[in-house]
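Enquirer: Quick one: sequence plus predicted model below, questions after.
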Amino acid sequence: MTHAEAVAFLERRAESYARRDTAALAAAHAPDGVVRSPLFPQIKGRAAIESSYRTLFAVFPDWELTFDPPIVDGMRVAQAFVVHATHVGEFMGLAGTGRRVKIQGALSRCRKPSTRLPRRRDTP
């Protein structure tokens, strides 16, 4: 995957987030892909990853994610982000509060020549 292809891939993912398209978001992961995030326990496999996206959008239905331009260095990609959302459903044992939240962090990804994400790590 070239630098331009990596940037285009990330732009498509940002569009999928904006549409809350869980199938498209999950399809970007390898079938045995792994997601590590403080929001959810380690998730493995495309079906479980898609389920985590559905849960995320149910708990935070107005999830608004903004990405900074990515940093692409060889096989590694990092991208800072900011989320604004309203907490309406149970999350990490806490019932929905109706409060607005702001989450800032960075995604790091290892990429292979394919266009699927083998691993993703979220760091707030």
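Expert: Right, received. Where do you want to start? Numbering: from 1, shown residues only.
Enquirer: Now residue 24: closest residue in space that isn't a chain neighbour?
Expert: Nearest non-adjacent residue to residue 24, counting by Cβ to Cβ, 6 or more residues apart in numbering: residue 16, 4.1 Å away. Yep, even glycine has a C-beta here, placed from its N, CA and C like the rest.
Enquirer: for the one you found, what are its contacts?
Expert: Going by Cβ atoms under 8 Å, 6 or more residues apart in numbering, residue 16 touches 24, 25, 28.
Enquirer: Repeat that for residue 94.
Expert: residue 87.
Enquirer: Any idea what it is bridged to?
Expert: residue 91 (DSSP bridges).
Enquirer: What segments of this protein are helices?
Expert: 3-19, 22-27, 46-59 (DSSP state H).
Enquirer: quick one: which of those is nearest residue 86?
Expert: helix 46-59 (9.5 Å; Cβ to Cβ).
Enquirer: roughly how far apart are residue 81 and residue 47?
Expert: As judged by Cβ to Cβ, to the nearest Å, residue 81 and residue 47 stand 24 Å apart.
Enquirer: which of these two has more neighbours?
Expert: residue 81 (17 against 11; other Cβ atoms under 10 Å).
Enquirer: Leaving out chain neighbours, which residue sits closest to the more buried one?
Expert: Leaving aside its sequence neighbours, residue 81 sits nearest to residue 67 (Cβ to Cβ, 6+ apart; 5.0 Å).
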